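Chemist: Just a sequence and a predicted model for now, questions to come.
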Amino acid sequence: MLISEFQMITGIYPTAKLYEAIDKAYMDSKLDKHEFCQRYMENRDDMAMRIAYEETLKESQAEIELSRSEADKRKALEVWIAKLECEVKFLAKNLEREEEWRPYEDEANVRQADYEALKKRCDVLTDEAAKDLIADEYGFSARKVEIRHEVETLRINRHQVVRTVGTIKRLPLYFADDMNYIRFNVCGVAYELYNGGVRVVRDLGFLTLPAACGCSGIEVFRALGRLSAP
């Protein structure tokens, strides 16, 4: 029986999936199409409800199987990703060992051990007090001074490649004119004040002034005249 015949006889318009179940029930029933349709319309012996239920159950089972298939694929993908992550960690660890990375400090800058020793004997300065000290003693404009509270921690490998791996807190310190420490920036140039001497922080390499920084070359180079040699 064609779906168009079923629709004409019953006036019912089932979905294509539901009609597949109706047609199967019709073929299994051995009934005349008109008698089958009459029984379906009357839901005799729960015919219509049973067909609809069986089709719904079939669709639900198909969805469950699809969900299981998708879940299996997702699980397999998660296992594969985890395996790749383990391989990446293994290779990174081997590369780290092969390149012989070790802690590194640029000797031209203040070492962390020297800062820690100074910290035991000095008071911590506020940012405003540190700016005033730098302006009064070294000729920088206080409004252009940015106090830094951290320095980079570095590592170096056997190929002399240096990388930044983190930061260490360094607060501004002061006890006397020849016992102090302040890390600061002016117009993009990084400096350290250490025990009365100011030096450019070498590992940042900011030796060219940005054109839009608002500082005059005269102002900076006047300050550079009091810098200690790196």
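Modeler: Looks like it arrived, so ask away.

Chemist: low-scoring stretches of this protein, by residue?
Modeler: Where the chain drops to pLDDT under 70, the residues are 202-230.

Chemist: Could you pick out the longest helix of it?
Modeler: helix 47-99 (DSSP state H).

Chemist: other SSEs contacting the very next helix or strand once past it?
Modeler: Where DSSP states H and E defines the elements, the next helix or strand beyond helix 47-99 is strand 102-104. Here strand 102-104 touches strand 150-156, going by 3 or more C-beta pairs under 8 Å, 6 or more residues apart in numbering; DSSP states H and E. Quick note: C-beta positions are derived from backbone N, CA and C, even for glycine.

Chemist: tell me how far the strand it packs on is from the chain's mean position?
Modeler: Distance, stretch centre to chain centre, for strand 150-156: 21 Å (C-alpha atoms, centre = their mean, to the nearest Å).

Chemist: ditto for stretch 21-32
Modeler: For stretch 21-32, the distance to the chain centre is 60 Å (C-alpha atoms, centre = their mean).

Chemist: residue ranges for the strands of this structure, please.
Modeler: Here the chain has its strands, by DSSP state E, at 102-104, 123-124, 145-148, 150-156, 162-169, 173-176, 179-186, 189-194, 197-200.

Chemist: Touching, Asn195 and Asn180? I think so.
Modeler: Yes - contact criterion C-beta atoms under 8 Å: Asn195 and Asn180 qualify, at 6.4 Å.

Chemist: For those two, list the residues in contact with both.
Modeler: Jointly contacting Asn195 and Asn180 under the rule C-beta atoms under 8 Å, 6 or more residues apart in numbering are Leu118.

Chemist: List the contacts of the nearest residue to Val151 once chain neighbours are set aside.
Modeler: Closest residue in space to Val151, ignoring its immediate chain neighbours: Arg170 at 5.2 Å, by C-beta to C-beta, 6 or more residues apart in numbering. With contact taken as C-beta under 8 Å, 6+ apart, Arg170 is in contact with Tyr115, Arg148, His149, Glu150, Val151, Tyr181, Arg183.
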